[in-house]
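# whatever this is, show me its structure:
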Amino acid sequence: MSIAVIGAGAFGTALALSLAGKTDVTLWGRDTAWAERRENPRLPGIALPRSLQVTDRLDKIGARTILLALPAQTLGGFLADHAARFDGRDLVSCAKGIDLVTLNGPSALIAQACPRSNVAVLTGPSFAADIARGLPTALTLACADAATAEHLQRDLSTASLRLYRTTDVAGAELGGALKNVIAIAAGAAIGAGFGDSARASIVTRGFAEMTRLAAALGARPETLTGLSGLGDLVLTCTSDQSRNFRYGLALGAGDDFAAGTTVEGAATARAVAALAPRLGVELPISQLVAGLAEGRIAMEHALDILLNRPLKEE
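All right, here's what the predicted structure looks like:
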């Protein structure tokens, strides 16, 4: 058995590091100049074992199982260029987002580009640094094909990485994507000084939004109560390890955010804002985040927008 990870960012590197203690793993990245030092600058202070192969050549990727740990907004372009190379293998999406061009999730992009592949989703409450350090983490593995889900669950679980499987790909994937949007709103509430009670309200009502949209897109609502939905939402809305939460903090405080940092929730909010009217689903928090991210809504008006909504039953 061998496994490849496409994408040498923090999360892809962490997954490769975790799996390298179990099987042969190859990690691909566009820029791997750091490989000789055996330390990825995205994960400072964490040494990579010599057994982990690092390459910038896609022709070196011969594994049957491939984890695609690329940002959601770059995945489509990568597949457009390289899908033929990977079609027919087991492809596991590790991206959390909705593509702005197609308004599809990563699994749909992969399935369209690689129709002969079994497509799965790996998602749930996790920070790259925790996985890389071997701290206990539980994730959801979603695959429509039950047999594929079972063998991937065995192959990708490690001593510190426990996987639970489901066939509800849409639910697992949407939970991972939409929680980033709510995390931005939660961070903005704290950054603006609205307090923890406001954050709790945003997390709760945001979870209701996540469930409504997921159900409208064919997901099972109960999936959103699991690791890939509620679990990931709680983690991302309560820790400044989350880039989406930190981005929200900066928005709320009126501060600049680190240029070049991937914030999946900002793009996903824009995608959700486009989907909501088509589906007839009310998503006030998500649409507010889209307005904040695009600069159409000022933070000082955000609270009024939410508090002045019609009173109704919960």
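
# okay, CA-based contacts and neighbour counts for the rest of this
OK.

# ranges for the helices of the stretch 101-250 of the chain?
Counting by DSSP state H, counting those that start in this stretch, the stretch 101-250 of the chain has these helices, from start to end: 106-113, 128-132, 146-156, 169-191, 196-216, 232-238, 243-253.

# turn these into a markdown table, columns for mean pLDDT.
As requested, the helices of the stretch 101-250 of the chain are exported to a markdown table (pLDDT from 0 to 100):
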| stretch | mean pLDDT |
| --- | --- |
| helix 106-113 | 98 |
| helix 128-132 | 97 |
| helix 146-156 | 97 |
| helix 169-191 | 97 |
| helix 196-216 | 95 |
| helix 232-238 | 98 |
| helix 243-253 | 95 |
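
# need the winner for burial among the ones you listed.
When you average the neighbours per residue for each of the helices of the stretch 101-250 of the chain (mean count of other Cα atoms under 10 Å), helix 169-191 leads with a mean of 29.

# check which helices and strands that helix sits against.
The helices and strands touching helix 169-191, judged by 3 or more Cα pairs under 8 Å, 6 or more residues apart in numbering; DSSP states H and E, are strand 119-123, strand 137-143, helix 196-216, helix 232-238, helix 243-253, helix 264-279, helix 284-294.

# out of the ones you listed, nearest to residue 187?
In terms of Cα to Cα, the element of those nearest to residue 187 is helix 243-253, at 4.1 Å.

# buried sites along the worst-scoring helix or strand of the chain on mean pLDDT?
In the chain, no helix or strand scores lower on mean pLDDT, DSSP states H and E than helix 299-307, which sits at a mean of 76. Across helix 299-307, burial judged by 16 or more other Cα atoms under 10 Å covers 299, 302.

# need the helices and strands packed on helix 169-191 in TSV with distance to residue 85, can you?
As requested, the helices and strands packed on helix 169-191 are exported to TSV (distance: least, Cα to Cα, whole Å):
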stretch	distance to residue 85
strand 119-123	15
strand 137-143	21
helix 196-216	32
helix 232-238	32
helix 243-253	32
helix 264-279	26
helix 284-294	36
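
# between the helices of the stretch 101-250 of the chain, which gets nearest to residue 48?
Among the helices of the stretch 101-250 of the chain, the nearest to residue 48 by Cα to Cα is helix 128-132 (9.3 Å).

# next, the residues that contact the closest one from outside, please.
Residues from elsewhere that reach helix 128-132 (Cα atoms under 8 Å, 6 or more residues apart in numbering): 10-11, 13-15, 17-18, 43, 46, 136-137, 160-161.

# ok, and the most crowded of those residues?
When neighbours are counted by other Cα atoms under 10 Å, residue 13 leads the contacts of helix 128-132 with 29 neighbours.

# for it, which non-adjacent residue is spatially closest?
Using Cα to Cα, 6 or more residues apart in numbering and skipping residues adjacent in sequence, the residue nearest residue 13 is residue 27, 7.1 Å away.

# contacting residues around the one you found?
Neighbouring residues of residue 27 by Cα under 8 Å, 6+ apart: 4-8, 12-13, 16, 52-55.

# kindly recompute the last result at 6 Å.
Taking Cα atoms under 6 Å, 6 or more residues apart in numbering, we find residue 27 in contact with 4-5, 54.

# next, give phi and psi for the residue nearest to residue 10 when sequence neighbours are not counted.
Leaving aside its chain neighbours, residue 10 sits nearest to residue 42 (5.1 Å; criterion: Cα to Cα, 6+ apart). Backbone torsions of residue 42, given as degrees, to the nearest 10, read phi -70, psi -20.
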